[in-house]
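In: Using only what follows, build the 3D model:
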Amino acid sequence: MATRTRQRIVHFFAPFALDGLDGLQPAGDYAVEEDEEVIAGATWVAYRRVATFIRLPAVTSGRKPRETIAIDHLKLQAALTRDRAHKDAPSA
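Out: Predicted coordinates for the structure are as follows:
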């Protein structure tokens, strides 16, 4: 089955934690890779995500990536949503 890998950068404004990562990760930009496999219909082509990976340390750390860790894409999205909600919350 044909696959493709999509790459993107995600930004965290505050330190964050995800299952599979050791402890709290610092704020910054992180490279994320998503592997997708093709779903072919008679007249259309679609892709289904089959794996998501994050590269550590952060791109903004200035160091070369040392690790690529498999993560749950839904938990990544939830962490990004929480991070933005925290950033946009009015300070007391």
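In: list the contacts for the residue positioned nearest the centre of the chain?
Out: Geometric centre of the chain, nearest residue: Val32, 4.3 Å, by Cα atoms, centre = their mean. Val32 sits next to 7-10, 52-55, 76 when contact means Cβ atoms under 8 Å, 6 or more residues apart in numbering. Using the backbone N, CA and C atoms, a C-beta is placed for each residue, glycine as well.
In: one more time with 6 Å, if that's ok
Out: Shown in contact with Val32 (Cβ atoms under 6 Å, 6 or more residues apart in numbering): 8, 10, 54.
In: can I get the residues you listed in CSV with pLDDT?
Out: CSV is the format used below for the contacts of Val32 (pLDDT from 0 to 100):
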residue, pLDDT
Arg8, 97
Val10, 97
Ile54, 97
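In: TSV for the residues you listed, including secondary structure?
Out: As requested, those are exported to TSV (DSSP: H, G, I helix; E, B strand; the rest coil):
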residue	secondary structure
Arg8	strand
Val10	strand
Ile54	strand
